[in-house]
Each structure stands twice: as C-alpha cells, then as structure tokens.
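Asker: Model the following, please.
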Amino acid sequence: MRILLTNDDGIHARGLHALRAALSRAGHDIVVVAPDREQSASSHSITLHRPLRIRSHESIGLAVDGTPTDCVLVAVREVMSGSPPDLVVSGINHGPNLGEDVTYSGTVAAAFEAQILGIPAIAASMKDREGGDFDGAAAFIARMVDERDNWGRTATILNVNFPEGPASAWSGARLTRLGTRSYSDEIVEKVDPRGQKYYWIGGREPQWVGGEDTDFATVYGGGVSMTPLHLQLTDDRVREALAEWDLSWATS
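Answerer: Next up is the predicted model:
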C-alpha cells in the first residue's frame, strides 16, 4: 500500500519515526511529508499569504514550512500527484486527542484534509507524551492498516488514542464516540522586562464527562480508543426542529 505519513509535531518527532519504521517493515511504500517544526493546535489552518518551501531530509522525507493541512495538500496535489496515496496516517501525536480537542488538533486536521481529498486516514495520538509506548502503538497501526478492507473502503477517518504503559498492558481496543471535556482554562498574565503585559493560555487536567463508550473513558481505563470521525457538521435534529420556522422576514 502507498501511504502518506505526516504529523503536527514535526519531521523529527519520535512518533512519526516509530510509524515510519513499523509501516516500512510491513512492506508498505511510505512517503513522509511533515511540518519542519512543531505545529500543535494548528487545527485545520492552511497557509495562503506566503509561499511554502519544501526541504528534503534524505533519511526521513520532505519537510514543509507550513501546517499539517499544508503538508497533505502539497503531498497529494504535487509530491505524489502521479501516484496518490491509498491511505494517510497522521501521528503518532505526542499527547492525546480526545473529545472536543479534535477540533484544535493539527494531527486530526491532516486526517480531515485527507477525507476532503477522498482518501481514508488514521489520526494516531499517545496519552503519555513522554514515556508512551510509541513502538507498540506503531505496531498497532500497522495491524490496523492490514485490516483496511474492513474499515477503509471510503474516505473514513479513525481517530486512535493510546493509553499509558507498555502495549502488553493495554486492555484491548474499542470503537468509541467522542467524550466531552471541561477544561479549567486559565489566562496567566505576566510582565516582560520592558513593563509590557503578556499572556499565556494554559489549562489544567480536564474533567471528562460521558459514558463508558467514550474515547476518554477507554483511554483512561487503559484501552485503545478508535473513534470514526467525519466533517458533516450539520445538526440535523435542530434543522428538523426548525422546519416550521417562518423565514418570510428574510426576503422582505
């Protein structure tokens, strides 16, 4: 299989290298197009007001001075235009992407861009950003790729999150839904040496809300969470509830 590999932690990130090694060992044709530096929390942003530059890292792949979305677009439309990827794998992110955090995530945004382009994608993230079993997670993703006929016939996204600890201690995998998190976000105000105020956006450990079938409950319980995602954001329930709304005022 021809696989485009990207991330939002940058081309030198441990998670990306673990994926590249595992998928190459499995015999897949791997093309790496990743940001040249960390792009965490870049969401689905795209660079429009300056040119993009691509530099080759011979032992790894291509580095783009842009966002994960830029990387997927450049890869599919230019670098791999003659032989497009069968699959896009984004990650393994150094930190989890659970619940509403998928809307901030550059890792997940790369998978969304693949979906827009009609390509199945996996977004992979690790709860323990420092001591996580990235090799075990990469091996898990390689096995998922072998199962692609069961889930990737269309432009599906699977958002996969791995728990703490070694892979041998994980309690299995589960298909989940996104949970809901409540962050106690806080703005930290400081003063620079010139007396000017500046601010850090911070956040404590989130409080999660939801049932046992959610992504956070599975990951915090020691299992691997696999959540199908899509970009259809229309709220059909509200749309139906508003069906009787008289909109004649809008044309008066």
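Asker: tell me the contacts of the residue nearest to Gly118 when sequence neighbours are not counted?
Answerer: Distances taken as CB to CB, 6 or more residues apart in numbering put Ala155 closest to Gly118, at 5.0 Å, once the chain neighbours are dropped. Where you see a C-beta, it was placed from the backbone N, CA and C, and this is true even at glycine. Ala155 is in contact with 114-115, 117-121, counting by CB atoms under 8 Å, 6 or more residues apart in numbering.
Asker: Mind jotting down where the helices sit in the protein?
Answerer: 14-25, 68-74, 106-116, 134-146, 148-151, 215-220, 236-241 (DSSP state H).
Asker: export the ones you listed to a markdown table and tack on mean pLDDT?
Answerer: Putting these into a markdown table (pLDDT from 0 to 100) gives the following:
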| stretch | mean pLDDT |
| --- | --- |
| helix 14-25 | 96 |
| helix 68-74 | 96 |
| helix 106-116 | 96 |
| helix 134-146 | 96 |
| helix 148-151 | 88 |
| helix 215-220 | 94 |
| helix 236-241 | 92 |
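Asker: can you pull the contacts of Met126?
Answerer: By CB under 8 Å, 6+ apart, Met126 lies in contact with 15, 91-96, 132-134, 137, 161-162.
Asker: give me that answer again for 10 Å
Answerer: Taking CB atoms under 10 Å, 6 or more residues apart in numbering, we find Met126 in contact with 14-15, 18, 91-97, 132-134, 136-137, 160-164, 219.
Asker: State the distance from the residue nearest to Gly118 to Leu87.
Answerer: Relative to Leu87, Ala155 is positioned 10 Å away (CB to CB, to the nearest Å).
Asker: Lowest average confidence across helices and strands of the protein, where is it?
Answerer: Least confident helix or strand of the chain, by mean pLDDT, DSSP states H and E, is strand 207-209 with a mean of 72.
Asker: what packs against it?
Answerer: Using 3 or more CB pairs under 10 Å, 6 or more residues apart in numbering; DSSP states H and E as the contact test, the elements touching strand 207-209 are strand 180-182, helix 215-220.
Asker: Sheet partners, orientation included, of the first one?
Answerer: When pairs are called by DSSP bridges, strand 180-182 turns out to pair with strand 207-209 (antiparallel).
Asker: so where do the strands sit in this structure?
Answerer: Taking DSSP state E to define them, one finds strands in the chain at 2-6, 29-35, 54-57, 61-64, 87-94, 121-126, 157-162, 173-175, 180-182, 185-191, 197-203, 207-209, 224-229.
Asker: tell me what the third one is packed against?
Answerer: Which is strand 54-57. Contacts defined by 3+ CB pairs under 10 Å, 6+ apart place strand 54-57 against strand 29-35, strand 61-64, helix 68-74.
Asker: Quick one: low-confidence residue ranges for the stretch 151-252 of the chain.
Answerer: The stretch 151-252 of the chain contains residues with pLDDT under 70 at 183-185, 202-206, 252.
Asker: mind redoing it with 90?
Answerer: Across the stretch 151-252 of the chain, the ranges flagged by pLDDT under 90 are 151-155, 180-189, 199-212, 231-233, 246-252.
Asker: circling back to that earlier point, can you convert the helices of the chain into TSV and add a column each for distance to Ile54?
Answerer: Converted to TSV, the helices of the chain look like this (distance: least, CB to CB, whole Å):
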stretch	distance to Ile54
helix 14-25	16
helix 68-74	7
helix 106-116	16
helix 134-146	25
helix 148-151	28
helix 215-220	34
helix 236-241	41
